[in-house]
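this one's structure only:
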């Protein structure tokens, strides 16, 4: 029997149960082993590539690779986990069992999203810890753990690593909401994965593409694309690694605006996903 | 009369997505100005030869700018070893486009533009013409020096005025263009920017025709 009213502590409990189910399912599928492999590969490859820096200090180079890893691997992980957790329930019919009990479709989608966001939080905490450890090892090797690098070289502070990871978490949460919207709309896992990757690429390259179009002479294409692009968040806003490395300071107001920017897009995308799932034939 | 319109689930779903997208566009329009200002590719690619390749655009969008810039620099150096002018210039511009922060790319790129490419162009001309007129030689050297100076000026625009790039501009004026006055102006600008090497004062004095005395520490001997 479907619950007639949504709300109250019971609803919160049901949403959290779905979120925990997502986490339990992913841990059963050896997610932690996957994390360990990714971070070991990251640490090894960064340490190997460290000597390839030309202009920047080795520490800045390591941070740049780490920030890029957070951005790219974090986004790929978001797409895979979100599509996987949704389609597992649909394909194995466990979702039908859940929905036939005292769980509304709204709670199901919201629980899935919260579950994915919790997993992403774990991913970014581990990513920040790995990168922080690499930076400390680099500074210990250089003997500059507590001192300023000579020659005007810039150092990335550990707090800044945490800040970048935090913004990547907001970005991935927004992406997860969009991916849920896509997963609800299409009927197969493969199509959902392909469309989600295209969506991620569109969000990631949005500002670059718009920059290129603004140079071109085609005013009609310029206007149309500028309008269409407004429906998608610009993920470059959250990629603050370059910003940090360039020495720009983050103010509380700017951080708040960026979080609200992603939060607004994420909330709207989640509402669309919930609405779409409400009328979806199971 | 009572009209009731029954819509199929599919139509309702598309309606939900359509209305949702409209709301997303409205939200996007509202928060457009909240985005932090960034150095745009359009501004960075304003000079000739700096148009980004497709690969450069992709990497810029996905991060890894320092790594990609290093690879672009290595490609430029491989082209430089083989004396390929166009590929070398493209590589230099791609490297600074992807990672404009390090002085290393600007300084070494400017030296390649001013001296190496001028030398290649002269060699190519010598292979065609036995006696190159002095004016033609000077024209090539001047053209390359100008390219290097505008490359450094673009660097100063992006990374801000600093002594390293100003000193390099001074050396290009001095050695490539033989313009002592412009070189002095650049060295003075470098001294205003902050910490400069110890030889800068001596060099400035020499350029302005003053008598140069060796530092006391050197005169007294070991």
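On my side now, so go ahead. These figures come from a predicted structure and were not determined experimentally.

Sketch out the low-pLDDT regions of the chain for me.
By default, I'm working from chain A. Where chain A drops to pLDDT under 70, the residues are A:1-7, A:53, A:55-56, A:142-155, A:211-219, A:221, A:245-248.

look at chain B instead
Across chain B, the stretches falling below the confidence threshold (pLDDT under 70) are B:1-3, B:36-64, B:210-222.

ranges for the helices of the chain?
No chain specified, so I'll use chain A. A:8-28, A:31-49, A:58-91, A:94-100, A:105-142, A:158-185, A:189-215, A:219-229, A:241-245, A:252-278 (DSSP state H).

You answered for a different chain; I wanted chain B.
Under DSSP H, chain B gives helices at B:9-31, B:41-44, B:54-62, B:65-81, B:85-98, B:103-111, B:117-128, B:134-159, B:163-171, B:180-193, B:199-207, B:216-219.

Save the ones you listed as JSON lines, and put in distance to residue A:37 and mean neighbour count too.
C-beta: built from backbone N, CA, C; applies to glycine. Converted to JSON lines, the helices of chain B look like this (distance: least, CB to CB, whole Å; neighbours: other CB atoms under 10 Å in any protein chain shown):
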{"stretch": "helix B:9-31", "distance to residue A:37": "36", "mean neighbour count": "15"}
{"stretch": "helix B:41-44", "distance to residue A:37": "35", "mean neighbour count": "17"}
{"stretch": "helix B:54-62", "distance to residue A:37": "21", "mean neighbour count": "18"}
{"stretch": "helix B:65-81", "distance to residue A:37": "21", "mean neighbour count": "20"}
{"stretch": "helix B:85-98", "distance to residue A:37": "29", "mean neighbour count": "22"}
{"stretch": "helix B:103-111", "distance to residue A:37": "34", "mean neighbour count": "22"}
{"stretch": "helix B:117-128", "distance to residue A:37": "46", "mean neighbour count": "14"}
{"stretch": "helix B:134-159", "distance to residue A:37": "38", "mean neighbour count": "17"}
{"stretch": "helix B:163-171", "distance to residue A:37": "42", "mean neighbour count": "23"}
{"stretch": "helix B:180-193", "distance to residue A:37": "48", "mean neighbour count": "17"}
{"stretch": "helix B:199-207", "distance to residue A:37": "53", "mean neighbour count": "15"}
{"stretch": "helix B:216-219", "distance to residue A:37": "59", "mean neighbour count": "8"}
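
so residue B:111 makes contact with residue B:145?
No. Taking contacts as CB atoms under 8 Å, residue B:111 lies outside contact range of residue B:145: 11.0 Å.

Let me have the helices of chain B in JSON lines, adding distance to residue A:16 as columns.
Formatted as JSON lines, these follow (distance: least, CB to CB, whole Å):
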{"stretch": "helix B:9-31", "distance to residue A:16": "26"}
{"stretch": "helix B:41-44", "distance to residue A:16": "44"}
{"stretch": "helix B:54-62", "distance to residue A:16": "34"}
{"stretch": "helix B:65-81", "distance to residue A:16": "40"}
{"stretch": "helix B:85-98", "distance to residue A:16": "44"}
{"stretch": "helix B:103-111", "distance to residue A:16": "51"}
{"stretch": "helix B:117-128", "distance to residue A:16": "65"}
{"stretch": "helix B:134-159", "distance to residue A:16": "49"}
{"stretch": "helix B:163-171", "distance to residue A:16": "56"}
{"stretch": "helix B:180-193", "distance to residue A:16": "58"}
{"stretch": "helix B:199-207", "distance to residue A:16": "66"}
{"stretch": "helix B:216-219", "distance to residue A:16": "74"}
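
any chance of those helices in a markdown table, with distance to chain A too?
Output for those, formatted as a markdown table (distance: least, CB to the nearest CB, whole Å):
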| stretch | distance to chain A |
| --- | --- |
| helix B:9-31 | 3 |
| helix B:41-44 | 4 |
| helix B:54-62 | 4 |
| helix B:65-81 | 4 |
| helix B:85-98 | 8 |
| helix B:103-111 | 4 |
| helix B:117-128 | 20 |
| helix B:134-159 | 9 |
| helix B:163-171 | 9 |
| helix B:180-193 | 11 |
| helix B:199-207 | 16 |
| helix B:216-219 | 23 |
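
Tell me which of those helices lies nearest to residue A:13.
Nearest to residue A:13 among the helices of chain B is helix B:9-31; the distance by CB to CB comes to 27.3 Å.

Which other helices and strands does the closest one contact?
Here helix B:9-31 touches helix A:158-185, helix A:252-278, going by 3 or more CB pairs under 8 Å, 6 or more residues apart in numbering or on different chains; DSSP states H and E.

repeat that with 10 Å
Helix B:9-31 sits against helix A:158-185, helix A:219-229, helix A:252-278, with contacts defined as 3 or more CB pairs under 10 Å, 6 or more residues apart in numbering or on different chains; DSSP states H and E.

quick one on the thing from earlier: which of the helices of chain A sits closest to residue B:158?
Of those, the one closest to residue B:158 (CB to CB) turns out to be helix A:241-245, at 12.5 Å.

OK, contacts around the residue lying closest to residue B:176 once chain neighbours are set aside?
Of all residues not flanking residue B:176 in the chain, residue B:145 sits nearest, at 3.9 Å (CB to CB, 6 or more residues apart in numbering or on different chains). Applying CB atoms under 10 Å, 6 or more residues apart in numbering or on different chains, we find residue B:145 in contact with B:110, B:113-115, B:118, B:169, B:172-173, B:175-179.

Which member of these is positioned nearest residue A:49?
The shortest approach to residue A:49 among the contacts of residue B:145 belongs to residue B:110, at 26.5 Å (CB to CB).

shouldn't that closest one be in contact with residue B:171?
Yes. Under the contact definition of CB atoms under 10 Å, residue B:110 touches residue B:171, with a separation of 9.1 Å.

what residues do the two have in common as contacts?
In the contact map built from CB under 10 Å, 6+ apart, the residues linked to both residue B:110 and residue B:171 are residue B:148.

Please give me every residue in contact with residue 81.
Looking at chain A here, since you left the chain open. Contacts here follow CB under 10 Å, 6+ apart; on that basis residue A:81 touches A:22, A:25-26, A:29, A:31, A:34, A:115-116, A:119-120, A:123, A:172, A:176, A:179.

Hmm, no, I was thinking of chain B.
Taking CB under 10 Å, 6+ apart as the definition, contacts of residue B:81 comprise residue B:88.

Residue B:172 contacts residue B:153, correct?
No. The pair residue B:172 and residue B:153 fails to qualify as a contact (CB under 10 Å) at a distance of 11.1 Å.

For chain A, what's the nearest residue on chain B?
Using CB to the nearest CB, the single residue of chain B nearest to chain A is residue B:102, 1.8 Å away.

So which of the helices and strands packed on helix B:9-31 has the densest surroundings on average?
Across the helices and strands packed on helix B:9-31, averaging neighbours per residue (mean count of other CB atoms under 10 Å in any protein chain shown) puts helix A:158-185 on top, at a mean of 24.

Now do it against helix A:252-278: the angle between them, please.
20 degrees (axes from the mean of the first three to the mean of the last three CA atoms, to 10 degrees).

of the helices and strands packed on helix B:9-31, which approaches residue B:187 most closely?
Nearest to residue B:187, of all the helices and strands packed on helix B:9-31, is helix A:158-185, at 35.7 Å by CB to CB.

name the helices or strands packed onto the closest one?
Counting by 3+ CB pairs under 10 Å, 6+ apart, the packing neighbours recorded for helix A:158-185 are helix A:58-91, helix A:105-142, helix A:189-215, helix A:241-245, helix A:252-278, helix B:9-31.

Give me the contact list for the last one.
Which is helix B:9-31. Outside helix B:9-31, the residues that touch it by CB under 10 Å, 6+ apart are A:178, A:181, A:184-185, A:226-234, A:237, A:257-258, A:260-262, A:264-265, A:267-269, A:271-281, B:7-8.
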